[in-house]
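**Student:** My questions concern the predicted model and sequence given below.
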Amino acid sequence: MTDVVVRPYEPADRAAVRHICFLTGFAGDPVDYQWADEESFADLFTLWYTEREPGSILVAESEGLVKGYLLGCHDSSLPWPLEQIAMRHVRHRGLAFRPGTAGFLWRTVADAAGDRIRHGTRPVDHEFHDPAFPAHLHINLLPEIRRSGAGRALVSTWLDRLRSEDVPGCFLQTLHENTRAVAFFEAMGFRRHGDPILMPGERSPSGARVHGLTMVQTLR
C-alpha cells in the first residue's frame, strides 16, 4: 500500500496538477491521442481553480511528489465556461488548424450538428446548474496511487468540508463508459442524474463515441 498524504493545494503544486490533468485526461489515461496540446488542455480543466479558487483544491502527495488532485468549487455558476477558454486558445494559438487539436475541434462541430439532426440530442452540459447541487468536483490520480485510498480520502475530505459549510449538494461529471469511476463515485454516495448524453468530438482510443454522465449527492 502506497503511503499518501492528502493536503491543501499550494502554488508550487500548479505545474504538477496541470501535468496530471493531461496524463489522466481521458478516463484516467493520457488524452494526447485526441488532444495533443497540453497547455490548452490543462487550461480548460484546471485554470479557473488554480487562479480563482485555489483554497478548494486538495492534492494527494506520495514520496514527496503530487500524484493526484481534487479540484473543488463551491458555486458552479462562477467558473469560466470551457468554450470561452477553448476559443481563446483557438484565436491566439491556431488550434483549429494545428495537428493534434484540429481534428477534435472540427469533429466536435460535425458531431454536435449531426446528433441534433439525427437524434434530436443536445451536447453534454458542461455548465450544469442546479441550486440543490451548487458545488462540484474534478478528481484525477496517477496510476501508482490508485487503489491506495487516495481517491476516497480526497473526496471524503471535500464532502466533509462542504457539509461543515452547510452546502446542500455536490455534483460531478464523468464518462458513462468509465465503469470503474462510476462505481467509485456510487460507493462515495453519488447517484446518477439524468441519462448519459453523447459527447461531441470525444472518442475512445478505439474510435468509439462516448457519453457524459452527471452524478449528484445531497449533503443535508
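**Tutor:** Yes, it's here.

**Student:** Quickly find the element holding the most centrally placed residue in the chain.
**Tutor:** Closest to where the C-alpha atoms of the chain average out (Cα atoms, centre = their mean) is residue 138, at 4.4 Å. Using DSSP states H and E, residue 138 maps to strand 135-141.

**Student:** do residue 60 as well
**Tutor:** strand 57-62.

**Student:** how far off strand 57-62 does the strand holding residue 138 point, in degrees?
**Tutor:** 20 degrees (axes from the mean of the first three to the mean of the last three Cα atoms, to 10 degrees).

**Student:** Centre of the chain to the helix or strand that strand 135-141 is followed by, how far?
**Tutor:** Next along the chain after strand 135-141, taking DSSP H and E as the criterion, comes helix 150-164. When distances are taken as Cα atoms, centre = their mean, to the nearest Å, helix 150-164 is centred 16 Å away from the chain's centroid.

**Student:** repeat for stretch 79-99
**Tutor:** Taking mean C-alpha positions (Cα atoms, centre = their mean), stretch 79-99 and its chain are 17 Å apart.

**Student:** In a strand, residue 83, correct?
**Tutor:** No - read with DSSP: H, G, I helix; E, B strand; the rest coil, residue 83 is helix and lies in no strand.

**Student:** Hmm, the residue nearest to the centre of the chain is touching residue 170, no?
**Tutor:** No - checked against Cβ atoms under 8 Å, the pair residue 138 and residue 170 is beyond contact range at 11.5 Å. All C-beta atoms are positioned from the backbone trio N, CA, C, and that covers glycine.

**Student:** Okay then, goodbye and thanks.
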